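A.B. asks: sharing a model prediction with you, sequence too.
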Amino acid sequence: MNKNKVVLASFCILASAVVFSACRDKQSTGLEYARNMYDPIALNPDQPVSTTNEMLKSFKGQTAQTPPKHTAPVGFVEDDIYPNTKEGYEAAGVNLVNNMPLTEANLLKGQHLYIVMCGPCHGEKGDGQGHLVKIEKFSGVPSFHDPLKESSRGGLMKDLSAGKIYHTIKYGVNMMGSYASQLSPDERWKVVLYVQELQKAK
């Protein structure tokens, strides 16, 4: 008889646990360690917000906001006075000057960035024979020091000014894409320093 009571009591406890667990919040994942790691204080940028909070009423129901006009991240300096046009390219060639000092450290950094970013097409020696050219992924990549090789926009490659090289790195040209998101302005100027050394190669 006592054995039956124990089985019945166990069944009742188990049934109660099942019923109560079925009634809990469907969004809950159960017991969690470090609750504050699951519920951050910061607003989730891709979720709508309630406008009941006075501070959030100006957000117009969204947390991700467009940055104010004419603002830039701290430490980011960019010049957009030379647009991605033929006229912008020519103006950059005349007016943009590389203020990056020609030091061994800057050249070494420029060489490293050039090999990583430009070398696969232009070649480590600037001869237009990078790995991707050799395996025939791309063709017609210009050499920086060929005395007869012309730029697709006119003028010899070995005579391109610092401003034209910078403009091309920033915006790209033909099959070459823009490196504006991969290289900061200072890094671009270091690459320009190195490319100008390649222009002098024999």
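C.D. replies: Looks like it arrived, so ask away. For clarity, every value in this text was computed on a predicted model and none was experimentally measured. Numbering: from 1, shown residues only.

A.B. asks: what bits of the chain have low per-residue confidence?
C.D. replies: 1, 17-30, 32, 35-36, 38-65, 72-80, 202 (pLDDT under 70).

A.B. asks: all helices for it, in order.
C.D. replies: 2-22, 35-38, 86-95, 104-117, 119-122, 131-134, 162-171, 185-199 (DSSP state H).

A.B. asks: which of those helices sits most buried?
C.D. replies: Looking across those with neighbours counted as mean count of other CB atoms under 10 Å, the highest average goes to helix 162-171: a mean of 22. (Each C-beta comes from the backbone N, C-alpha and C, glycine too.)

A.B. asks: that older thread, any chance of the helices of the chain in JSON lines, with distance to residue 68 too?
C.D. replies: Conversion of these to JSON lines gives the following (distance: least, CB to CB, whole Å):
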{"stretch": "helix 2-22", "distance to residue 68": "49"}
{"stretch": "helix 35-38", "distance to residue 68": "31"}
{"stretch": "helix 86-95", "distance to residue 68": "26"}
{"stretch": "helix 104-117", "distance to residue 68": "32"}
{"stretch": "helix 119-122", "distance to residue 68": "38"}
{"stretch": "helix 131-134", "distance to residue 68": "41"}
{"stretch": "helix 162-171", "distance to residue 68": "24"}
{"stretch": "helix 185-199", "distance to residue 68": "22"}
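
A.B. asks: wait, doesn't residue 110 sit right on residue 188?
C.D. replies: No - applying CB atoms under 8 Å as the test, residue 110 and residue 188 come out as separate, 9.3 Å apart.

A.B. asks: which of the helices of the chain sits closest to residue 147?
C.D. replies: For residue 147, the closest of the helices of the chain is helix 185-199, at 10.6 Å, according to CB to CB.

A.B. asks: list the contacts of that closest one.
C.D. replies: 77-79, 98-100, 102, 106-107, 109-111, 113-114, 117-118, 125-126, 144-145, 157-160, 162, 165-166, 169-170, 179, 183 (CB atoms under 8 Å, 6 or more residues apart in numbering).

A.B. asks: the same query, at a cut-off of 7 Å, please.
C.D. replies: The contact list for helix 185-199 (CB atoms under 7 Å, 6 or more residues apart in numbering) reads 77-78, 98, 100, 102, 106-107, 109-111, 113-114, 118, 126, 144-145, 158, 162, 165-166, 169-170, 183.

A.B. asks: need the contact list for the closest residue to residue 164 other than its chain neighbours.
C.D. replies: Nearest non-adjacent residue to residue 164, counting by CB to CB, 6 or more residues apart in numbering: residue 93, 3.9 Å away. By CB under 7 Å, 6+ apart, residue 93 lies in contact with 161, 163, 164.

A.B. asks: quick check: phi and psi on the spatially most central residue of the chain?
C.D. replies: With distances taken as CA atoms, centre = their mean, residue 181 lies nearest the centre of the chain, 4.8 Å away. Main-chain torsions, residue 181, degrees, to the nearest 10: phi -90, psi -20.
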